[in-house]
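J.: Below are the sequence and a predicted model; questions follow.
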Amino acid sequence: MLIKVVGRRLAYSVLTVLLATMLVFVALQALPGNLATQLLGKDATPAAVAQLDAALGLDRPAWRRYLDWLGGALHGDFGTSLVSHQPVLTEAGGYLRNTAMLAGIVIVAGITLSLVLGVVAGLTRDRWPDLAISGLSLLGMSVPEFTVSTLLVLVFAVQLAWFPAVVTAGPTASAGELMQVIWLPAAALTVVMAAYIIRMMRTSMIDVMAGEYVTLARIRGLSGPRILFRHALPNALLPTLNVIAINIAWLVGGVVVVESIFNYPGIGTLMLQAVHDRDLPVLQFIAVLGAATFVVCNLLADLAAVWLNPRLRTPGRAG
Amino acid sequence: MSVLITPDSDPAAVPTGRARARRFALPVTRSTVAGLVLVAVNVLVALAAPLLAPYSPTQPDALSAIEGPSGAHLLGTDQLGRDVLSRVLYGGRYALLISLSATVLTVVIGTILGCLAAYRRGWLDEILMRILDSILSVPAILALLVVVTALGSGAPVIILAATVVYCPALIRVVRAAALSIVGLDYVTAARARGEGFWPVLAREIWPNILDVVMVEFAMRASWIVLLISSLSFLGFGANPPTPDWGLMVSENRSLLTVVPMATVAPILALASLIVGLNLAADGIAKARGIDRITGGLR
């Protein structure tokens, strides 16, 4: 039964990513006018356009091109950048590593911070710690990444001069160089991401603490920390998992804005460059990468929930 | 995804005594009122901007460029000498117009498709859900950038793109809400009388999912405003010299040390609009026992 559920979930995930690649392909390659004309300019001769069409493989039907792209993508070949004429994966490699570093820090710091704050808010419901945390998280939800980033620059780069306002390192900078400049972008992403997780954690904490088994644990005279860590927290985490997964996937979108503000050489900066240069293969790769990240995160959250849920492990012991 | 009863209900939501006597259809909580007032102020200012603004928002004035706050320019001027206060007053127009159109389209299309999926079930429901999942899987900003690259950044393109990006989550939420209604006896009775989809939707389903749709409206609106202003900030929304909050932040960011108000004022204005929308969504959700956070994806 469990294997069947997991298998079905896996099949859906693959199907979702496949459909997403199709949508992105249609949006980028089937809808707009002739790519060769755009690359060569409006005054290009028809012969030159036809030649470039043939060189790019654009003279073949869209479904053939999609299948070719998909076949290549399955082997790790996402095409060639129209600007640098390098394979997309080579081009994106350095940027990907830098974004992975940024995302890693944000995920570890952001999730820890928001879970702690969410629990505190939930336990002190309607008293001042809760009001402060809830108010701040509402504010965090309500300001876009670019405003958080700008305000952080104003305080920590301009007023206090603790960190540089922009990153001057290129995509090939060493990890050590990036570690010195990564903190402001990481803080900006953490603030926006934490807000949603805090709110979810608070709600589910309140929910769980009102449960009968927590009351029973209290009556049995268990200590506060033991009730919290053994009984309440594992159950409160369950509904929060999906929100965490969504926010990790959202990071891929959020980094576009934040990276562009700090000039951080990550995948978001690469994407904006690709938009400006109309570098379709690179754009397509990043969009598909975003979709795959989203699906994988959600899949992991669902699997973790199945694995964590005590009712699936040992039926009847939930009280 | 699901609609849950939260244990978290606002004490102000429980009507007692005098409050009950004059309670009307909209759930009136303190945060709802505060939120709606903030939103209303933003809308009114945007509408009345030509009357309120002391200067033209777009007319450059080289002689008074980059000035701090003064009697003549309450919030100072930007690098082209334009009055920051006037630009902030006008600055909500683009974001509000685009966001409102996109939100209305999203909610109307999403509600109809969500109800249809719940009503018909079967293969239509199944196919629709798979397609929605795949649209949902592409992060919103990425999807918008892809569309802008392909079709340009005109207002209609952005409205339609935002609608396509935000519809799937809404359809899922409405579908979940409608699923619990279509199984009830009075819907079955209406269908047995031979009523079609539209009459059943209007008379039986719609009144019962109104709460959910209202919360969704406020919540989607706040996300769409965030998205649109981010796009403007990145240079794919409002075009210079249009006064727009997102664009203003990106224009004046380099002068942050010299004239901080030129950047901070549009940020505060934008935040007031979104805080308002969020408070309204929260207030309605709490009053009606709708769990807002699991109510959708961003």
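T.: Arrived safely.
J.: contacts and neighbour counts: CA atoms only from here.
T.: Will do.
J.: Setting aside sequence neighbours, what's the nearest residue to the residue nearest to the spatial centre of chain B?
T.: In chain B, the centroid-proximal residue (Cα atoms, centre = their mean) is residue B:221; its distance is 0.7 Å. Of all residues not flanking residue B:221 in the chain, residue B:103 sits nearest, at 5.6 Å (Cα to Cα, 6 or more residues apart in numbering or on different chains).
J.: immediately after the helix or strand containing the residue nearest to the centre of chain B, which helix or strand?
T.: If you go by DSSP states H and E, residue B:221 is part of helix B:206-234. Downstream of helix B:206-234, the first helix or strand assigned by DSSP H and E is helix B:245-252.
J.: Now that next one: buried residues?
T.: B:245, B:246, B:247, B:248, B:249, B:250, B:251, B:252 (16 or more other Cα atoms under 10 Å in any protein chain shown).
J.: and the gap between residue B:95 and residue B:136?
T.: Noted for residue B:95: a distance of 23 Å to residue B:136, by Cα to Cα, to the nearest Å.
J.: Before we move on, what's the pLDDT of the residue nearest to residue B:221?
T.: Note on residue B:103: pLDDT of 92.
J.: element containing it, please.
T.: In this structure, residue B:103 is located in helix B:92-120 according to DSSP H and E.
J.: Could you check how far the nearest residue to residue B:73 once chain neighbours are set aside is from residue A:233?
T.: Leaving aside its sequence neighbours, residue B:73 sits nearest to residue B:83 (Cα to Cα, 6+ apart; 6.2 Å). Using Cα to Cα, we find residue B:83 at a distance of 53 Å from residue A:233.
J.: Pick out whichever of these two has more residues nearby.
T.: Applying other Cα atoms under 10 Å in any protein chain shown to residue B:83 and residue A:233 shows that residue B:83 carries more neighbours, namely 31 against 19.
J.: which residues does the more buried one contact?
T.: Residues counted as contacts of residue B:83 (Cα atoms under 8 Å, 6 or more residues apart in numbering or on different chains) are B:55, B:56, B:57, B:73, B:75, B:76, B:77.
J.: which residues of the stretch 151-298 of chain B score low on pLDDT?
T.: Applying pLDDT under 70 to the stretch 151-298 of chain B flags residues B:288-298.
J.: got the residues of it near chain A?
T.: B:151, B:222, B:226-227, B:229-230, B:233-234, B:249, B:253, B:256-257, B:264, B:267, B:270-271, B:274-275, B:278, B:293-294, B:297-298 (Cα under 8 Å from any Cα of the partner chain).
J.: Just the buried subset of these, please.
T.: Looks like these have B:151, B:222, B:226-227, B:229-230, B:233-234, B:249, B:253, B:256, B:264, B:267, B:270-271, B:274-275, B:278, B:293-294, B:297-298 buried, using 16+ other Cα under 10 Å.
J.: the helices in the stretch 51-200 of chain A, which residues?
T.: Secondary structure of the stretch 51-200 of chain A (DSSP state H, counting those that start in this stretch): helices located at A:62-74, A:88-123, A:128-142, A:145-152, A:175-181, A:183-209.
J.: out of the ones you listed, deepest packed?
T.: When you average the neighbours per residue for each of the helices of the stretch 51-200 of chain A (mean count of other Cα atoms under 10 Å in any protein chain shown), helix A:183-209 leads with a mean of 24.
J.: what comes into contact with the helix or strand just after that one?
T.: Using DSSP H and E, the helix or strand that directly follows helix A:183-209 along the chain is helix A:212-219. The contact list for helix A:212-219 (Cα under 8 Å, 6+ apart) reads A:208, A:209, A:227, A:231, A:232, A:319.
J.: check contacts around the first one.
T.: Residues in contact with residue A:208, defined by Cα under 8 Å, 6+ apart, are A:214, A:232, A:235, A:236.
J.: Spit out the contact partners of the spatially closest residue to residue A:165 that is not a sequence neighbour.
T.: Nearest residue to residue A:165, sequence neighbours excluded (Cα to Cα, 6+ apart): residue A:157, at 5.2 Å. By Cα under 8 Å, 6+ apart, the contact list for residue A:157 reads A:163, A:164, A:165.
J.: Give me the pLDDT value at residue A:157.
T.: 77.
J.: and it, how far is that from chain B?
T.: 10 Å (Cα to the nearest Cα, to the nearest Å).
J.: One more: residue A:156?
T.: 12 Å.
J.: count of residues packed around that residue?
T.: Other residues within reach of residue A:156, judged by other Cα under 10 Å, total 15.
J.: Surely residue B:137 and residue A:20 touch.
T.: Yes: between residue B:137 and residue A:20 there is a contact at 7.1 Å, judged by Cα atoms under 8 Å.
J.: Mind checking which of those two has more residues around it?
T.: Neighbour totals were compared for residue B:137 and residue A:20, and residue B:137 leads with 29 against 25 (other Cα under 10 Å).
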